[in-house]
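**Q** Test case, fold it:
(chains A and B)
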Amino acid sequence: MNSFPPEIVLEAVANGLLTGAVYGLVALGLTLVYGVLHIINFAHGALLTLAMYAAWVAWAAFGLDPYVAIIPLVPIFFAAGYAVQRLVIGPASRGDDQNILLVTLGLSIVLENAMLAIFRSDTLSVQVDYAMEVVEAPLFFSAPMLLSFPRLVGFGVAFLVAGVLFVLLTMTDTGRAIRAVAKERTGAALSGIDVAHIYAVTFGIGTACLAVAACLLLPSFYVNPRVGNAFVLVAFTIVVMGGMGSVPGALLGGLVIGVVESLSGLYLGDSLGQLGIFVIFILVLLFRPTGLFGARA
Amino acid sequence: MPNTYLPSRRAVLLGAAGALAAPALLRAQPATVKLGILQPVTGALAQDGEYGRLGAELAIAEINATGGIKALGGAKIEMVFGDARSNPEGGTAEVERMNGEGVVAVVGGFASPICLASSQAASRYDLPYVVDVGVSDAIVTRGLKNTFRFSPGFGSITAAALDNLVKLNDAAGKPAKTVVVVHEDGLFGSGMARLMGAELPKRGFQVLETISHPTPARDMSNIALRIRALNPDLIIPSSYYAEFVLLSRTLQQRRIRPKGIYCVLNGAASNYRFVREFPDAANLVMDVNHWADPRKPKTAELRRQVEAQNRFWLYNTPMNYSAVMLVADALERAGAADRGKLIEALAATDGRFTRHIMPYGPTRFVNGQNQAGQAVNTQVQGADIKVIFPTDFADAQAVFPWPA
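**A** Predicted structure coming up:
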């Protein structure tokens, strides 16, 4: 194994934190849906891919900068997520959790193949001026660190979204209703909360998080019909690590996974870099199955 | 460029003459010769396939406009196109169909796996198969009588790449001593990396590190960081288009500037799309790859035709143009649209075949492989791609080491 000078290691850690925040954002949607609906949403990856294609189309057909595209795409994807839960997943599941699992799996297959048919298997990307811009972060002991501008934006926006979500969950009636349904479904229904509506709102919020993540990823990344799966595998690990259903756990888990991936990529090479993530996944399952912030198994 | 229009003007005259003498010519009308053109125009290799087809179409149009195959009474070539769908199964299925339609030969394939499977399918019908690009050495070592490759194979390309690197370095006063090899972790990249790891130390280079990455790769920042820490004189990458573009842009972003980037059979470094879209990242990148002979007037003429269609000038086009010209030349010598005679004529091709535009010496086939086929060293210089080696074909001087 090589040894690297401290400024290189520091930069790898910084890269990992920046990437990890966006991983956390993807995991946020997943953990929210799990916390409230008690299902693993297998369509999460396909919905992320769909959001990335939507952002690409907004750029290619309407000339919208991916960051600007967040504004129209968030309500669109919230509505789409709401409709999918209300019209497809909810009715098809007939109240049985195992069914929901299979419905989301089926949904992901349909979505992926629809995108393959429409966009073909080619890799698409957007060309924006700032894609390769860097921001210099001064270091005391060596030349300044170079941080990727799109990733800094991603980091900032991811925390902003987490903050907004936190305010939404703790200070609004809808947020209180979401938390009530998450804790005690029957009790919430008896208190007059429309559980089906809250389920759909939660699914909509989870999908809207993906729309934001997609717009943050696109300037420095690419999209093809299977691209979402790469992120969702990471997001599953983050959700398990942070504690199923925990919002701060998802964000913190994202940062940890980002740093682990970056450092193992630096030391083991990019082909083996993913290894670190799954080692952590297994270790968490072995020694702390409730996750860092998880209340119960 | 009046000579671009000369063939078509002649064709118009011929057509007019034909119209006047219609009854007489009707009886003497030469039959057409069907030629199979196989390219992957859908799927992952669609871009390469499209540019290959373009080359074949331009060659066929030129042959037909200049009097067809004279030995067959001016027979015109009729293209039977097949889409290999970017996989070997697609290629063999199309060869079966082309055989059913009675083609006299098949040209193309592009990727090695497609060329391997399709030429084998064609061999069952003694159907001549001319490989356009596929570099796998296995293509011409299976003892198939029907299979010919005008272009060079992997072994000769990599040997030339290593020899030319030494010459380049020696001529510049040996500025490069240390190397980092970056490769994709599939069959192509790993094979190349193994070869570099074994051969470079024998030639006086120290390989500091061999870094692999998956295809597709999410990010090149870690690789860039490792390269910065290792600070090599030379970077040798073997990756496909998207990954090499990402790597070179990340190196540029991180202000990493080695003394040179030397690619071998790279997917991007000899591609005008890369040069056009990211000129700063592409500038001065060197590649060892297929390339048309820049000193033949026909090359410039063909390039003008391609660029007039708003297409990029990629090596696929001149290679397929030349491969179709090779078949036309063999048909002239065979004197019949007969598969067996055509195979004999292809095998006997010699230096008198000059209608191709590749930078090769006099053609000579041994076991289906053109011994004169060779790759050249190119370098991106000022938004253009120039040939810097071998000196017989070069149209520019190498810029090495890179100016600080």
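**Q** Report all helices and strands that the lowest-mean-pLDDT helix or strand in chain A contacts.
**A** Of all helical and strand segments in chain A, the minimum by mean pLDDT, DSSP states H and E falls on strand A:124-125, at a mean of 81. Packing partners of strand A:124-125 (3 or more Cβ pairs under 8 Å, 6 or more residues apart in numbering or on different chains; DSSP states H and E): helix A:44-62, strand A:222-223. In this view, the C-beta of every residue, glycine as well, is placed from N, C-alpha and C.
**Q** Can you say which of these is nearest to A:Leu210?
**A** Closest approach to A:Leu210 among the helices and strands packed on strand A:124-125 is made by helix A:44-62 (4.8 Å; Cβ to Cβ).
**Q** Just checking that closest one against chain B, any contact.
**A** No: if you take Cβ under 8 Å from any Cβ of the partner chain as the test, helix A:44-62 misses chain B, and the best it gets is 13.1 Å.
**Q** And the contacts of the helix or strand just after that helix?
**A** Going down the chain from helix A:44-62, the next helix or strand is helix A:66-83, by DSSP states H and E. Outside of helix A:66-83, the residues within contact range by Cβ atoms under 8 Å, 6 or more residues apart in numbering or on different chains are A:47, A:51, A:54-55, A:58-59, A:64, A:126, A:128, A:153, A:157, A:200-201, A:203-208, A:210-212, A:214-216, A:218-219.
**Q** In helix A:66-83, which residues are buried?
**A** A:66-67, A:69-70, A:73-74, A:76-78, A:80-82 (16 or more other Cβ atoms under 10 Å in any protein chain shown).
**Q** Over to stretch A:124-136?
**A** By neighbour count on 16+ other Cβ under 10 Å, the buried set for stretch A:124-136 is A:124-126, A:128, A:131-134.
**Q** Out of those, flag the one nearest to B:Gln253.
**A** A:Met132 (4.5 Å).
**Q** How about the residues of chain B by chain A?
**A** Near chain A, when you scan chain B using Cβ under 8 Å from any Cβ, you find B:42-44, B:46, B:185, B:209, B:211-214, B:216-219, B:221-223, B:225-226, B:228-229, B:242, B:249-250, B:252-255, B:277.
**Q** Okay, buried residues for the strand or helix carrying B:Leu225 please.
**A** Using DSSP H and E, B:Leu225 falls within helix B:221-230. In terms of neighbour count (16+ other Cβ under 10 Å), helix B:221-230 has its buried residues at B:221-230.
**Q** can you give me the strands for the chain?
**A** If you meant another chain, say so; for now it's chain A. A:124-125, A:134-137, A:145-148, A:222-223 (DSSP state E).
**Q** Correction: the question concerned chain B.
**A** So, for chain B - with DSSP E - the strands run B:33-39, B:77-83, B:105-108, B:129-131, B:147-149, B:178-184, B:206-213, B:234-238, B:260-264, B:286-289, B:365-366, B:369-370, B:376-381, B:384-389.
**Q** before we move on, the earlier item: A:Asn229: which of the buried residues of stretch A:124-136 is nearest?
**A** Distances from A:Asn229 to the buried residues of stretch A:124-136, taken by Cβ to Cβ, are shortest for A:Leu124, at 16.6 Å.
**Q** what separates that closest one from chain B, distance-wise?
**A** Distance, A:Leu124 to chain B, by Cβ to the nearest Cβ, to the nearest Å: 10 Å.
**Q** Might one say that that residue is in contact with A:Asn224?
**A** Yes: using Cβ atoms under 8 Å, A:Leu124 is in contact with A:Asn224, at 7.1 Å.
**Q** Which two of the buried residues of helix A:66-83 have the greatest separation?
**A** Greatest spatial distance among the buried residues of helix A:66-83 (Cβ to Cβ): A:Tyr67 and A:Tyr82, at 24.1 Å.
**Q** who's in contact with B:Ala383?
**A** So B:Ala383 contacts B:275-276, B:279, B:283 (Cβ under 8 Å, 6+ apart).
**Q** Can you spell out which helices and strands pack onto the lengthiest helix in chain A?
**A** As assigned by DSSP state H, the longest helix anywhere in chain A is helix A:6-37. Counting contacts by 3+ Cβ pairs under 8 Å, 6+ apart, helix A:6-37 packs against helix A:44-62, strand A:145-148, helix A:149-171, helix A:173-183, helix A:195-217, helix A:227-242, helix A:247-268, helix B:221-230.
**Q** for stretch B:281-289, what is the average pLDDT?
**A** Average pLDDT, stretch B:281-289: 94.
**Q** can you check stretch B:333-345 too?
**A** 96.
**Q** so how far is that stretch off the chain centroid?
**A** 25 Å (Cα atoms, centre = their mean, to the nearest Å).
**Q** repeat for stretch A:262-269
**A** Chain-centre distance of stretch A:262-269: 22 Å, with Cα atoms, centre = their mean.
**Q** buried residues in it?
**A** A:262-267, A:269.
**Q** Now do that stretch: everything it contacts.
**A** With Cβ under 8 Å, 6+ apart, stretch A:262-269 has contacts from A:1-2, A:4, A:8-9, A:12-13, A:15-16, A:19, A:272-277, B:211-213, B:219, B:221-222, B:225-226.
**Q** and what of stretch B:179-191?
**A** Stretch B:179-191 has contacts (Cβ under 8 Å, 6+ apart) with A:271, B:192-193, B:196-197, B:200, B:205-215, B:217, B:223, B:226-227, B:230, B:232-240, B:243, B:247, B:265.
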